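>>> Just the structure for this:
(2 chains)
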Amino acid sequence: MSLSAAQTMPDSLLLQARAGDRDAFAALVRAHQRSVFSIGLRMLSRRDAAEDLAQDVFLQLYRKLDSIESLEHLGFWLRRVAANLAIDWLRRLPYSATRPLDEGAEVAAQEADDDPLMSRELMRLLGELAPHPRAVMLLRYQEDRDVAEIAAMLDMPVNTVKSHIKRSLTALRGRMIGAKLIDCEELP
Amino acid sequence: MNPKPPESFEDELRRRLRPIDAPEGFAERLMAALPAQRKPAVVQPGAARPSLRQFGLPAALAASLLVAVFLGVHVANDRALREQQLGIAASEQLMQALRVTSEKLDLAYEAVNNPPTAGEEENRS
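Next up is the predicted model:
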């Protein structure tokens, strides 16, 4: 996972990047680009928008490197900015209403998993969630962040995060059972 | 299609929501878009000048304290002066009252010790 790849980086890399070392900054970008791009893609459902968003996030990082205290803080900061920027873009532009199905198919195909239909359907259902619950689900299941971290990243109460997760899981599970993509036995 | 065998739905989500690779050459394009020179914020401790922010709060507190002391002294002086003026006025009033009383007593004393004669009384009437 990208988080562990980022964790193997030496702390000196951040200091070098802050001192103006472009190679060090490029290494930070490469370590985190998968997560930031994936948040953008699954939030906005479009590759071009996801790339624009990722570029915007890293440009902001470049300007604000001095405020980043550690590599752990860097990971937190990037995901927070990516998720909030995506929510902001969704509010202003009708990204999600355009072509989520096509992009979902593309993403599913890219993942080369054992059940592309299910991945495609999951992407479609995820795209139907409202921006905030969608961001919560991505930070929880894509980025494996705990509830308190997600609450801090999205500036919302912990109970709201828990509520979003519970309701979104129920909705996704129900629709996937309805589409006969998973068994009823999987219900808790 | 066949339903999948039982598996934790959350694990299934984690597996299917793995991060996806960024487009080829993303980092290179990003680096090309960056400003040529980043101004590093390297602070030399020896050469560091005391910033306004560093001393701003203590200076503001000291200034506030000075203003408070100055105002306090001013108010106390003002009050003392006013009380002094009131005291002088009261003293003058008392002296005036004593003078009037003394004059009246003198008249009374005069009337008691030197009563007017009958002829004087007639002349007066």
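
>>> Need the pLDDT of residue 16.
Using chain A. Confidence at A:Gln16, expressed as pLDDT, is 92.

>>> wrong chain, I was asking about chain B
Reported pLDDT for B:Arg16: 87.

>>> repeat for the one 3 residues further on
pLDDT, the model's per-residue confidence, is 92 for B:Pro19.

>>> Also the one 5 residues further on?
At B:Glu24, the pLDDT value in this model is 92.

>>> for the chain, which spans come out with low pLDDT?
As the question left the chain open, I've gone with chain A. Confidence mapping of chain A against pLDDT under 70 gives the ranges A:1-8, A:94-114, A:182-188.

>>> Correction: the question concerned chain B.
B:1-7, B:37-55, B:118-125.

>>> Show me where it has its helices.
B:9-16, B:26-33, B:52-113, B:118-124 (DSSP state H).

>>> cool, and chain A?
A:2-7, A:11-18, A:22-44, A:47-63, A:71-92, A:100-111, A:116-128, A:131-137, A:147-154, A:158-178.

>>> who wins for proximity to chain B among these?
Nearest of those to chain B, taken as Cβ to the nearest Cβ: helix A:22-44 at 3.9 Å. C-betas here are computed from N, CA, C, even on glycine.

>>> Tell me which other helices or strands the closest one touches.
Packing partners of helix A:22-44 (3 or more Cβ pairs under 8 Å, 6 or more residues apart in numbering or on different chains; DSSP states H and E): helix A:2-7, helix A:11-18, helix A:47-63, helix A:71-92, helix A:100-111, helix A:116-128, helix A:131-137, helix B:26-33.

>>> any idea which of those is most buried?
Across those, averaging neighbours per residue (mean count of other Cβ atoms under 10 Å in any protein chain shown) puts helix A:131-137 on top, at a mean of 22.

>>> Can you show me the CA trace of that helix as PDB?
C-alpha atoms of helix A:131-137 as PDB (Å, rounded to 0.1, in the frame of the first residue of the first chain):
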ATOM      1  CA  PRO A 131     -19.500  13.900  -1.600                       C
ATOM      2  CA  HIS A 132     -18.900  13.800   2.100                       C
ATOM      3  CA  PRO A 133     -19.900  10.100   2.700                       C
ATOM      4  CA  ARG A 134     -17.900   9.200  -0.400                       C
ATOM      5  CA  ALA A 135     -14.800  10.900   0.900                       C
ATOM      6  CA  VAL A 136     -15.300   9.200   4.300                       C
ATOM      7  CA  MET A 137     -15.600   5.800   2.600                       C
END
